[in-house]
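Asks: Quick one: sequence and predicted model below, then my questions.
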Amino acid sequence: TARFCENMSSLYSSGLPISFCLKYTMGTIGNRYLDGSIRGIMEHVENGKLLSEAIRESGCFDKKLAAVIVTGEEAGCLDEMLRRLAENYEHEADLALAKLMNLLEPAMILLIGALTGFLILGIWNRFGICTEALVAERGKQGEKEREWRFCHGGSADDSHASHDHGNAAVFHRVQKLCPG
C-alpha cells in the first residue's frame, strides 16, 4: 500500500491523469494480486468512477486508504494526501518490522543456546566414553602387572619399566576405542 500511494503521488503530482497513474503504478508494486486489483480499479476509473469509490469496491486495500483519498479528491490535494499516506504506511511497516525483530531476538538466543547445549552434551558424552575406556584398560593393565610381579618376583625398577610399557599399550588400545 505504501508503494502504491508513493507511486500514485509522484505520478499524479507530475500532472498525469489518474488512469495513467494507475497504469504505470501497476507493475511497480511487486504483488500480482494487487496488480490485478489495480487493473480493475483502472477500468472503473476509466468508466467514470472516482478513485476512492473504485478502491473501496475493489476490497484489496485498507478502508483508511479510500477514506483519505475521498478527502484528497474533495479538497483538490490528492497528491499530497497520497504522499502522506505513503509516509504513514511506511512508518507502520517499520513499526511492525521492529516488533517482529524484538520477538525474533529472544527466539534466536534460545535456539543458539539449545544448539550450544546439545554440542556440549555431545562432547561431554564422548569424553565420558573415552574416560571409561581408559579406566577399564588401566584396570586390566594393573591386574596383569600385579600377576607378573607375583609370578616373577620382580624388583621395583622392573615394575616401573613394566608400568611405562603398560601406559603406552593402554594409550594405543584407548586410541583404537576412541578415534579422533
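Replies: Everything's here; your move. Numbering: from 1, shown residues only.
Asks: What number of residues are in the vicinity of residue 80?
Replies: Neighbour count of residue 80, defined by other CB atoms under 10 Å: 14. Every residue, glycine included, has its C-beta placed from N, CA and C.
Asks: mind checking how far it is from residue 3?
Replies: From residue 80 across to residue 3, the span is 18 Å (CB to CB, to the nearest Å).
Asks: tell me the contacts of the nearest residue to residue 30 once chain neighbours are set aside?
Replies: In space, and not counting its chain neighbours, residue 30 is closest to residue 3: 7.3 Å by CB to CB, 6 or more residues apart in numbering. The contact partners of residue 3, taken as CB atoms under 8 Å, 6 or more residues apart in numbering, are 28, 29, 30, 86.
Asks: how does it look with 10 Å?
Replies: Contact analysis of residue 3 by CB atoms under 10 Å, 6 or more residues apart in numbering lists 25, 28, 29, 30, 31, 34, 86, 89, 90.
Asks: Quick check, the second one in contact with residue 6.
Replies: Right, the one you point to is residue 28. Yes - if you go by CB atoms under 10 Å, residue 28 and residue 6 touch, sitting 9.3 Å apart.
Asks: More neighbours: the two, which one.
Replies: residue 6 (19 against 13).
Asks: element containing that one, please.
Replies: Using DSSP states H and E, residue 6 sits within helix 2-13.
Asks: list the buried ones in that helix?
Replies: 2, 3, 4, 5, 6, 7, 8, 9, 10, 11, 12 (16 or more other CB atoms under 10 Å).
Asks: Only C-alpha atoms, please: export that helix in PDB.
Replies: Taking C-alpha atoms only, helix 2-13 is exported to PDB below (Å, rounded to 0.1, in the frame of the first residue of the first chain):
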ATOM      1  CA  ALA A   2       2.900   2.400   0.800                       C
ATOM      2  CA  ARG A   3       4.400   1.800  -2.700                       C
ATOM      3  CA  PHE A   4       1.000   2.300  -4.300                       C
ATOM      4  CA  CYS A   5       0.500   5.600  -2.600                       C
ATOM      5  CA  GLU A   6       4.100   6.800  -3.200                       C
ATOM      6  CA  ASN A   7       4.000   5.900  -6.900                       C
ATOM      7  CA  MET A   8       0.500   7.400  -7.300                       C
ATOM      8  CA  SER A   9       1.500  10.600  -5.500                       C
ATOM      9  CA  SER A  10       4.600  11.000  -7.700                       C
ATOM     10  CA  LEU A  11       2.800  10.400 -10.900                       C
ATOM     11  CA  TYR A  12      -0.300  12.400 -10.100                       C
ATOM     12  CA  SER A  13       1.800  15.400  -8.900                       C
END
